[in-house]
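**Q** only geometry, no sequence info:
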């Protein structure tokens, strides 16, 4: 297929229906618009024909800058593309850019999957990415809004977010997400929190609402479990597993009961 380049009136061109970037840097747009006024549009935008004109496929930022610059006609590469081909061109143009945040990528990929019914494996092949990368973006698309906001502004690392989102208790997840943002937690730290959270969920575990008062930022929170013998709370790392035959559980309970009984008071009758 041979691309055709021609000048199209700006009012015939529509913004992309599913733009990958939810926001364009306004200051950068005005800088680009000034450059276009002085030097013209060096690289034409790519559009596809639609019912009421043309839709931007690649060059959304350049198109916006052209409008700011007051361009009446805009040089365009016209390509006949279906939805999947449009998706692939948009992705190829945007995914390598550092200013596209993972939340925008997640929303873009989710929309395409819903519209086309493509599987994560098929999307990965189209994007020349791993299936794990696609599934991670889909997971980001399902994250709570506060986690997405932190990802968009760079306050939360992708790996940390993907780890903490596995905490299924919302209060705990938000607690450790805020902690990760505050202290700049690493993926290793987040994985430790997830591991300890899962240990807290074991029978006898303790799920605290807040970090302990003596918590030192950047260090793991100590998780405690209740000892089946004395009923006291101890550091979970100090616990050991033992096996007790079911038929001997009554003996075990008797032992625990006797162990927990207060010692008899000392004293008695004195000799005369």
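**A** Structure received. Small disclaimer: the values here were computed from a predicted structure and weren't measured. Numbering: from 1, shown residues only.
**Q** How many neighbouring residues does the closest residue to residue 8 other than its chain neighbours have?
**A** Sequence neighbours aside, residue 76 is the residue nearest to residue 8 in space, at 4.9 Å (criterion: C-beta to C-beta, 6 or more residues apart in numbering). The way it works is simple: take the backbone N, C-alpha and C, and place the C-beta from them, glycine included. Using other C-beta atoms under 10 Å, the number of residues around residue 76 comes to 25.
**Q** tell me the SS of residue 76?
**A** Residue 76 falls in the strand class when you classify it by DSSP: H, G, I helix; E, B strand; the rest coil.
**Q** Looking at strand pairing, list the partners for it.
**A** Going by DSSP bridges, residue 76 is paired in beta bridges with residue 6, residue 45.
**Q** Then residue 226?
**A** Taking DSSP bridges as the rule, residue 226 bridges to residue 233.
**Q** What separation is there between it and residue 233?
**A** Distance, residue 226 to residue 233, using C-beta to C-beta, to the nearest Å: 6 Å.
**Q** avg pLDDT for the helix or strand encompassing residue 109?
**A** Element membership of residue 109 [criterion: DSSP states H and E] is helix 102-116. Averaging pLDDT along helix 102-116 yields 82.
**Q** Could you name the helices and strands sitting against it?
**A** Helices and strands touching helix 102-116, by 3 or more C-beta pairs under 8 Å, 6 or more residues apart in numbering; DSSP states H and E, are helix 83-94, helix 120-127, helix 131-141, helix 145-152.
**Q** got those as JSON lines, with distance to residue 251, mean neighbour count and mean pLDDT columns?
**A** What follows is the helices and strands packed on helix 102-116, written out as JSON lines (distance: least, C-beta to C-beta, whole Å; neighbours: other C-beta atoms under 10 Å; pLDDT from 0 to 100):
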{"stretch": "helix 83-94", "distance to residue 251": "66", "mean neighbour count": "18", "mean pLDDT": "76"}
{"stretch": "helix 120-127", "distance to residue 251": "54", "mean neighbour count": "17", "mean pLDDT": "84"}
{"stretch": "helix 131-141", "distance to residue 251": "48", "mean neighbour count": "18", "mean pLDDT": "91"}
{"stretch": "helix 145-152", "distance to residue 251": "50", "mean neighbour count": "17", "mean pLDDT": "92"}
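**Q** Tell me which residues of the helix holding residue 109 come out buried.
**A** The neighbour-count criterion (16 or more other C-beta atoms under 10 Å) identifies 102, 103, 104, 105, 106, 107, 108, 109, 110, 112, 113 as the buried residues of helix 102-116.
**Q** and the second one, what does it touch?
**A** By C-beta atoms under 8 Å, 6 or more residues apart in numbering, the contact set of residue 103 is 22, 140, 141, 148, 151, 152.
**Q** How about the last one?
**A** Residue 113 makes contact with 119, 120, 123, 138, according to C-beta under 8 Å, 6+ apart.
**Q** Could you measure from it over to residue 107?
**A** From residue 113 to residue 107 the distance is 11 Å (C-beta to C-beta).
**Q** can you tell which of the helices and strands packed on helix 102-116 is closest to residue 177?
**A** With distances scored as C-beta to C-beta, the stretch of the helices and strands packed on helix 102-116 nearest to residue 177 is helix 145-152 (5.9 Å).
**Q** which is the next helix or strand following the closest one?
**A** Taking DSSP H and E, what comes next after helix 145-152 is helix 158-164.
**Q** what residues does that following helix touch?
**A** Counting by C-beta under 8 Å, 6+ apart, 102, 136, 139-140, 143, 147, 150-151, 173, 176-177, 180, 185-187, 189-191, 193-194 sit against helix 158-164.
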